[in-house]
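Peer 1: Whatever this is, show me its structure:
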Amino acid sequence: MRFYGSNKGTESWEEDILGRDILRPGQSVRIGFGDGTDYCKFDFRAVFDDDDVLVAKDINVCKIGTYTYS
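Peer 2: Numbering: from 1, shown residues only. The predicted structure is shown next:
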């Protein structure tokens, strides 16, 4: 339903990256995290249609190519 990715230098979750889009089970999306700050470490927050929330901290987007919520 919603996805947030904020660099470690930010105090808030910023905006919902998916916007009006919704990912259904099995779907994927490519997101670029080049925000001009030179941060590699990001926190991710996913909100699902049943209101479950999963937070992943300190994800190094400079080193990983794929991140999967399952």
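Peer 1: Helix or strand: which one has Cys59?
Peer 2: Let me fix one detail, which is that residue 59 is Ile and not Cys. Assigned by DSSP states H and E, Ile59 falls within strand 53-60.
Peer 1: Mind telling me what element the residue sitting furthest away from the middle of the chain is part of?
Peer 2: Most distant from the centre of the chain: Asp50, at 17.9 Å, with distances by Cα atoms, centre = their mean. Counting by DSSP H and E, no helix or strand carries Asp50.
Peer 1: So it versus Pro25, what's the distance?
Peer 2: 12 Å (Cβ to Cβ, to the nearest Å). All C-beta spots, glycine's among them, are computed from the backbone N, C-alpha and C.
Peer 1: rewinding a little: hmm, who's touching the strand holding Ile59?
Peer 2: The contact list for strand 53-60 (Cβ atoms under 8 Å, 6 or more residues apart in numbering) reads Lys8, Cys40, Lys41, Phe42, Asp43, Phe44, Arg45, Ala46, Val47, Phe48, Tyr67, Tyr69.
Peer 1: quick one: strands adjacent to that strand?
Peer 2: strand 41-47 (antiparallel) (DSSP bridges).
Peer 1: Name the residues that touch the strand it pairs with?
Peer 2: 1-8, 13, 33, 53-61, 67, 69.
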